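*Asks:* could you work out the structure for the sequence below:
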Amino acid sequence: MPQCKWIVHKLFAGYGAAQFSEAKMTTLYKILSRPQWEKARSAGVFEGSEVDISDGFIHLSSPHQVRETAQKHFSGQTDLLLVSVRAETLGETLKWEVSRGGALFPHIYGTLPIGAVIEAVDLPWEGGSHHFPEGLAQ
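*Replies:* Predicted coordinates for the structure are as follows:
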């Protein structure tokens, strides 16, 4: 069994954004407040929220993780945007690391360039939950 652990470790250790994103997905998500988004657009780069800066990386979510992220960290918050990001444009700054529940989460070690953003859409809070765009994987 130790050899199996080594193989899994070698498969994911230091996995670059391009290899992992092409194998799994190309769109990742960041939830931002409208003022955070406007500041990032003006600057041409998102440098991170308070939590991101404190943790030393920018937290992102995959399509199947973003709803739980919204519920856990943004419940009840209004005036939010769901920012879609092209994973392959992040290069080696994107790392997949074990986080909540042992799942691999995407983290940016650096800044998020606005050029990597596909779109930013409203993420309204209505009836006790955030309403995501139709067609977003669950």
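*Asks:* would you map the strands across this protein?
*Replies:* In chain order, the chain shows strands spanning 27-33, 45-46, 58-59, 80-86, 94-98, 104-108, 112-113, 117-122, 125-126, 129-130, with DSSP state E as the criterion.
*Asks:* where does this protein dip in pLDDT?
*Replies:* Scanning the chain for pLDDT under 70 picks out the ranges 1-25, 137-138.
*Asks:* what about the helices in it?
*Replies:* 2-12, 17-24, 34-43, 50-55, 66-74 (DSSP state H).
*Asks:* next one: phi and psi at the most centrally placed residue in the chain?
*Replies:* In the chain, the residue lying closest to the centroid (C-alpha atoms, centre = their mean) is L60, at 1.4 Å. Main-chain torsions, L60, degrees, to the nearest 10: phi -120, psi 170.
*Asks:* thinking again about what came up before, of the strands of the chain, which is nearest K39?
*Replies:* strand 45-46 (8.1 Å; C-beta to C-beta). The C-beta positions use only the backbone N, C-alpha and C, and glycine is treated the same way.
*Asks:* burial count for S33?
*Replies:* Residues near S33, counting by other C-beta atoms under 10 Å, number 15.
*Asks:* and the strands of the chain as a markdown table, adding distance to L136?
*Replies:* Shown next, in a markdown table, are those (distance: least, C-beta to C-beta, whole Å):
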| stretch | distance to L136 |
| --- | --- |
| strand 27-33 | 8 |
| strand 45-46 | 20 |
| strand 58-59 | 18 |
| strand 80-86 | 8 |
| strand 94-98 | 20 |
| strand 104-108 | 16 |
| strand 112-113 | 19 |
| strand 117-122 | 10 |
| strand 125-126 | 16 |
| strand 129-130 | 11 |
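*Asks:* tell me which of the ones you listed sits nearest to R67.
*Replies:* Across the strands of the chain, closest to R67 is strand 129-130 (C-beta to C-beta), at 7.7 Å.
*Asks:* for T69, give me its contacts.
*Replies:* 29, 31, 59, 61 (C-beta atoms under 8 Å, 6 or more residues apart in numbering).
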